[in-house]
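Trainee: Pasting a predicted model and its sequence here:
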Amino acid sequence: MDQEIICAISNEKCTLDDAVIFGTIVSGFRKFIKKKHPKIKEKDYICKNVLREIRRQYIEDAILKEKGHITIIDKKVVDSILNQESVVRDSEREFIEGTGFWDGFADKVAEFVGSWKFIFIFCFFIVVWIILNAYILLYQPLDPYPFILLNLVLSCVAALQAPIIIMSQNRKEEKDRIRSQNDYMVNLKAELEIKGLNEKIDYLLQDEWKKLLEVQRLQLDILEELSFNKK
């Protein structure tokens, strides 16, 4: 049976494997815990689930200091760090999955209307229309000068074309929003992870210096003993 200990913060029981000694926590995080729980001692145990919630507060506090506020996206990044999950999303696939038939139709129409192919076809149509009604169908023109029917057709095309292009542009903006949100989450997580790694490295270096000092002291004591014995 695993040995049970008492958490110094929550006063709840947990196994030794599910606990961490307060003195082994990196210095920056340890100071944050000490500030919230000043009575805690270096040899006290903290349950991992309690430590997880305190780490959440620690990370959110760091974001607050940088930005002044925390958004839902920031909280998702914090959850991904605590759960050791990836925040990278396939924005292209996510965008395509949210596309309906009419959305795709609007994109294709906007793509065609915004091409040289459409300009050439439309110019050819206008020129043919004018030639037919001004010269070939001179005695019984379908749309005599000043081509009122042609103006009506052009007005209808423009009236239908504008909202379709706007719909397509809105979808492009949504795609850019998903992509920029994904980039922001990745960058924020990387920044927080690097900050945590720097704290761990600093802690390890301090620990190594302490060990080196202890070794030097032992070496000095041995040298003193040897010199005393020779005398």
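Mentor: Right, received. Where do you want to start? Numbers count the residues shown, from 1 in each chain.
Trainee: From here on, just use CA atoms for contacts and neighbour counts.
Mentor: Will do.
Trainee: Let me see the ranges of the strands in the chain.
Mentor: Along the chain, the segments classed as strands by DSSP state E run 4-6, 13-15, 19-21, 45-47.
Trainee: Quick one, which of those gets closest to Ala190.
Mentor: strand 19-21 (25.1 Å; C-alpha to C-alpha).
Trainee: ok, Val87 to Gly104 distance?
Mentor: Going from Val87 to Gly104 by C-alpha to C-alpha, to the nearest Å gives 28 Å.
Trainee: At the geometric centre of the protein, which residue do we find?
Mentor: Met185 (1.0 Å; C-alpha atoms, centre = their mean).
Trainee: which parts of stretch 182-191 are buried?
Mentor: For stretch 182-191, the neighbour count (16 or more other C-alpha atoms under 10 Å) marks 182-186, 188-189 as buried.
Trainee: If you average pLDDT per helix and strand, which one of this structure comes out bottom?
Mentor: helix 91-97 (a mean of 67; mean pLDDT, DSSP states H and E).
Trainee: circling back to that earlier point, kindly indicate which of the buried residues of stretch 182-191 lies nearest Cys47.
Mentor: Lys189 (24.7 Å).
Trainee: Tell me how far the closest one lies from Ile70.
Mentor: 14 Å.
Trainee: now Ser168
Mentor: Taking C-alpha to C-alpha, one finds Ser168 at 32 Å from Ile70.
Trainee: Settle it for me: which of these two has more neighbours?
Mentor: Neighbour count, other C-alpha atoms under 10 Å: between Ser168 and Ile70, Ser168 has more, with 20 against 14.
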